[in-house]
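Peer 1: Next comes the sequence, and after it the predicted model I'd like to discuss.
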Amino acid sequence: MPSEDGCSKVYNRGSEPSLHLFYIHTSKSSWRTNATKMELSLHPYLHYSQHEQPTERGLYCPLVWDLRETPAGAARHVNKLHKPLSTRRLNEPATFPPVTSLQITCDIFPEPWVIKATNTAGVRGSTVTLLDVLNAIYTALHVPLGSQTWNDLPTKQQQRVQAAFERRCRLALNPDSCFAQGMLRIDCLVNHTVFGGLSVSLEKPRTCILSLRRPSP
């Protein structure tokens, strides 16, 4: 029987699917031995897809998240949109083999803003988790938009970014505080604020490409 998130085929039984989701019962000792010999695989929740999810029209990635919101409370699985991801799930390794850092790029950014995900627990050599990846993306996009970046944008794009900024602040819990903070990098995404998944780069090691989508109607 499939689980609620449709991944039970390789999960252990229990209240929460185990890490055998995509480790296929590989022992920790062999992770280290084979790390340099194996291609990097992403946690299934992070996978980019060109195909709609079977249970939700307009959604393509198993992980549903609007980048304007903090991931710990806003990220959902497509089959459990009413419930945030559990702490256990968020602490699962983001890749197999596990890595201690992961670089993320995105072609939609107006500049090559490189996002680097590391384990936020602060323990040297710790594995990058699902939450580390989401937090790295969120943090990189919620910093003030540089004046040089703004000046380099074409006039029409500046108008779109300005409109996105005003729209984001109108929807904020504290609009006055949002307006006072000013424009952020996230505003440069305009309407492409939904996490579309990651793809492993074929050119650079430990690097993924971030895809973004518009919110569903």
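Peer 2: Yes, it's here. Residues are numbered from 1 along each chain as shown.
Peer 1: in the sheet, who's paired with residue 101?
Peer 2: Per DSSP bridges, residues listed as beta-bridge partners of residue 101: residue 118.
Peer 1: Would you confirm that it contacts residue 206?
Peer 2: Yes - between residue 101 and residue 206 there is a contact at 6.5 Å, judged by Cβ atoms under 8 Å. For glycine as for every other residue, the C-beta is placed from the backbone atoms N, C-alpha and C.
Peer 1: More neighbours: the two, which one.
Peer 2: residue 206 (16 against 12; other Cβ atoms under 10 Å).
Peer 1: Next, the residue of the chain most remote from its centre: phi, psi?
Peer 2: Residue farthest from the centre of the chain, counting by Cα atoms, centre = their mean, is residue 155 at 29.6 Å. Backbone torsions of residue 155, given as degrees, to the nearest 10, read phi -60, psi -40.
Peer 1: pLDDT wise, what is it at?
Peer 2: For residue 155, the model assigns a pLDDT of 97.
Peer 1: Now do it against residue 137, distance only.
Peer 2: For residue 155, the distance to residue 137 (Cβ to Cβ, to the nearest Å) stands at 28 Å.
Peer 1: now the residue nearest to residue 82 when sequence neighbours are not counted: how far from residue 197?
Peer 2: Spatial nearest neighbour of residue 82, chain neighbours left out: residue 76 (7.8 Å); criterion: Cβ to Cβ, 6 or more residues apart in numbering. From residue 76 across to residue 197, the span is 14 Å (Cβ to Cβ).
Peer 1: Same drill for those two, tell me which one is more crowded.
Peer 2: Neighbour tally, residue 76 and residue 197, criterion other Cβ under 10 Å: the higher count belongs to residue 197, 21 against 16.
Peer 1: hmm, back to that, so who does the residue nearest to residue 82 touch?
Peer 2: Residue 76 sits next to 63-65, 82-85 when contact means Cβ atoms under 8 Å, 6 or more residues apart in numbering.
Peer 1: mind listing what's buried in the one helix or strand residue 163 maps to?
Peer 2: Secondary-structure assignment from DSSP states H and E places residue 163 in helix 155-171. Residues of helix 155-171 classed as buried by neighbour count (16 or more other Cβ atoms under 10 Å): 160-161, 164-165, 168-169.
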